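>>> I would like to see how this sequence folds:
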Amino acid sequence: MAKFLFNPNSKEEFKLSRAKLELFLECPRCFYLDLRCGVSRPPGFPFTLNVAVDHLLKKEFDIHRANGEPHPLMKTYKIDAVPFAHEKLDYWRNVGIYYNHKPTNFAVYGKVDDIWVDKEGKLIIVDYKATSTSEEINMETGKSHHQAFKREVEIYQWLFRQNNFKVSDNAYFVYVNALKDREAFDGKLEFDVKIIPHKGDCSWVEKKIIEARKCLDSEKIPKASPNCEYCAYRERAAEVGA
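Numbers count the residues shown, from 1 in each chain. Below is the predicted model:
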């Protein structure tokens, strides 16, 4: 069950996370069932290794943040910036950066992994990703999860701009890939780490927030996305009388 259900007649602001907005983009029906009806998608397995990598990367970049210097990876990729030092960074990471979007009365928020700042004082949104693949990591493949990753940083760019920060269009993914070609495990994983750039465009964000509000205001459950595996499962189960 969803913890907080949307009430179209309520005057109180409604918290809409970056993840729930992404859910709307994936499937309006799942979004509606979750936030209007309290019927959430089954939870996935926790990515505990990803969480560990995320934690270690934050600790590592924070060392250089405290010293006001770029991380060696930033030098390798010739990124003229340093990790951004701000008293609210931990809050943005653990609670989120919020913006009350008055046309919808949504308190839109998201939890950012990291922020860098360039020489012009513009903030650079940074997201950590972890995987294990023998393929070359390429964000331009058109794969659905890569498109979702791009939308994620663009929503963060939008949020920081709404909070009156100067934000660069440039965003980066610090991508950590666990290697599988070693001769022995020896109780440790070895990783290849690379930085992948992305030129963000957050012009779509507000339009989708407004569409999400209209979706929740409706008394009619919207159609499922044609690519939604969860809705396809529910429909097939209903067909066989389950």
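>>> For this structure, which segments count as strands?
Secondary structure of the chain (DSSP state E): strands at 14-17, 81-83, 97-101, 106-110, 114-118, 123-131, 167-178, 191-199.
>>> okay, the ones you listed in CSV with distance to Asp54, mean neighbour count and mean pLDDT next?
C-betas here are computed from N, CA, C, even on glycine. Listed next are the strands of the chain as CSV, based on distance: least, Cβ to Cβ, whole Å; neighbours: other Cβ atoms under 10 Å; pLDDT from 0 to 100:
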stretch, distance to Asp54, mean neighbour count, mean pLDDT
strand 14-17, 17, 18, 98
strand 81-83, 15, 22, 98
strand 97-101, 17, 17, 98
strand 106-110, 15, 22, 98
strand 114-118, 10, 21, 98
strand 123-131, 5, 21, 94
strand 167-178, 9, 20, 94
strand 191-199, 13, 14, 92
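>>> closest to Arg161 out of these?
If you check each of the strands of the chain against Arg161 by Cβ to Cβ, strand 167-178 wins as the nearest, at 5.1 Å.
>>> Where does pLDDT dip in the chain?
Low-confidence segments of the chain, defined by pLDDT under 70: 1-3, 134, 142, 183-184, 242.
>>> go with 50
Along the chain, the parts satisfying pLDDT under 50 run over 1-2.
>>> Distance check, the spatially most central residue of the chain against Ser17.
Centroid-nearest residue in the chain: Glu152, 3.8 Å away (criterion: Cα atoms, centre = their mean). Separation of Glu152 from Ser17 (Cβ to Cβ, to the nearest Å): 11 Å.
>>> ok now stretch 50-70, how far from the chain's centre?
18 Å (Cα atoms, centre = their mean, to the nearest Å).
>>> Out of the strands of the chain, flag the one nearest Phe45.
Closest among these, using Cβ to Cβ: strand 123-131, at 14.6 Å.
>>> Which neighbours do Glu152 and Ser17 have in common?
Gly110 (Cβ atoms under 8 Å, 6 or more residues apart in numbering).
>>> just to revisit the earlier point, any chance of the strands of the chain in JSON lines with distance to His145 as columns?
Formatted as JSON lines, the strands of the chain follow (distance: least, Cβ to Cβ, whole Å):
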{"stretch": "strand 14-17", "distance to His145": "18"}
{"stretch": "strand 81-83", "distance to His145": "26"}
{"stretch": "strand 97-101", "distance to His145": "23"}
{"stretch": "strand 106-110", "distance to His145": "17"}
{"stretch": "strand 114-118", "distance to His145": "20"}
{"stretch": "strand 123-131", "distance to His145": "10"}
{"stretch": "strand 167-178", "distance to His145": "12"}
{"stretch": "strand 191-199", "distance to His145": "14"}
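>>> Met139 is nearest to which of these?
strand 191-199 (5.4 Å).
>>> What residues does the residue lying closest to Leu216 once chain neighbours are set aside make contact with?
Excluding its sequence neighbours, the residue lying closest to Leu216 (Cβ to Cβ, 6 or more residues apart in numbering) is Phe6, at 4.7 Å. Contact partners of Phe6, counting by Cβ under 8 Å, 6+ apart, are Phe14, Leu35, Arg36, Leu216.
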